[in-house]
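[1] Here is my input; please provide its structure:
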Amino acid sequence: MPSVFRFATHFILCRTRFVKVQAFYGALAGQRAHKGVFITTSTYTAQAIEFAKSVEKVVLVDGSKLAELMIDFEVGVTMRPVRVPKLDSDYFEEE
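    Residues are numbered from 1 along each chain as shown. The predicted model follows:
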């Protein structure tokens, strides 16, 4: 079974830079992993994104994608129904 490593980081208002992703890639190579998922609650710099695309072993998940996945899989969120009112046009018709 191929090994997959995950690295989560919490950068508030700070874009995740190339050097962090490159270091993660080096750690993957050191462990002979086939793929790694690098998760941040922030965003990635353009250089970090380009690097991840070029090596194909690193999957980047930014804060927006993380929130989307959490909602899709209902992890750490509570789903509740929302009532949407609909206007009854018959009420306003004259007799």
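
[2] OK, contacts around residue 17?
    Shown in contact with residue 17 (C-beta atoms under 8 Å, 6 or more residues apart in numbering): 45, 47-48. The C-beta positions use only the backbone N, C-alpha and C, and glycine is treated the same way.

[3] can you tell me how far residue 42 sits from residue 67?
    12 Å (C-beta to C-beta, to the nearest Å).

[4] what's the closest non-adjacent residue to residue 21?
    residue 48 (4.5 Å; C-beta to C-beta, 6 or more residues apart in numbering).

[5] Now do the contacts for the one you found.
    Residue 48 sits in contact with 15-18, 20-21, 60, where contact means C-beta under 8 Å, 6+ apart.

[6] Narrow those residues to those in helices?
    18, 20-21 (DSSP state H).

[7] So which of the residues you listed wins on neighbours?
    Highest neighbour count within those: residue 21, with 25 neighbours (other C-beta atoms under 10 Å).

[8] Please tell me how far that residue sits from residue 49.
    9 Å.

[9] Between these two, which contacts overlap?
    residue 60.
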